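> give the three-dimensional model of this entry:
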Amino acid sequence: MLNSDQTEIDLPPTHSESESVFSDCGGSRAGSAEDAGGVGLCAQSRIAEPGEAVKKDLQHLSREERRRRRRATAKYRTAHATRERIRVEAFNMAFAELRKLLPTLPPDKKLSKIEILRLAICYISYLNHVLDV
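Numbering: from 1, shown residues only. Take a look at the predicted model:
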């Protein structure tokens, strides 16, 4: 445990650089600060800089693996779902606007997206034919 005069830098390293910062936190150790009811070095590492261990673990991964792990986070998935919802709404509004421009009987007939596109193609070719005559 650190007293007011010590810093984490003054402490001797408890693990090699290839090991995770949390590798020695797994089991109970006799006589450790955690057993005595205090806060051990591992808990302080988690509190002080929670992203440092993750950054060290991610450095040895390939770019694709880092991207895959980042995309697996709840924050990323929520942001992606929001962007996708906005994209789909814009897509559907564009189809609705196109649908309003196409003549059908009855005028309020529900058309699928593929029907709207096919009808638009036919209507454009009809208008081209009318202009050519």
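> which residues of the protein fall in helices?
Ranges of helices within the chain are 41-48, 50-59, 63-71, 74-101, 113-132, based on DSSP state H.
> any idea which of those gets closest to Pro107?
Smallest distance to Pro107 across these (Cβ to Cβ): 9.2 Å, for helix 74-101. Any C-beta I mention is one placed from the backbone N, CA and C, and that applies to glycine too.
> for the closest one, which positions count as buried?
Residues of helix 74-101 classed as buried: Phe95, Leu98, Arg99 (neighbour count, 16 or more other Cβ atoms under 10 Å).
> pLDDT of it, averaged?
Here helix 74-101 scores 96 as its mean pLDDT.
> now do stretch 119-129
The model assigns stretch 119-129 a mean pLDDT of 96.
> need the residues that contact it.
Stretch 119-129 has contacts (Cβ atoms under 8 Å, 6 or more residues apart in numbering) with Leu98, Leu101, Leu102, Pro103, Thr104, Leu111.
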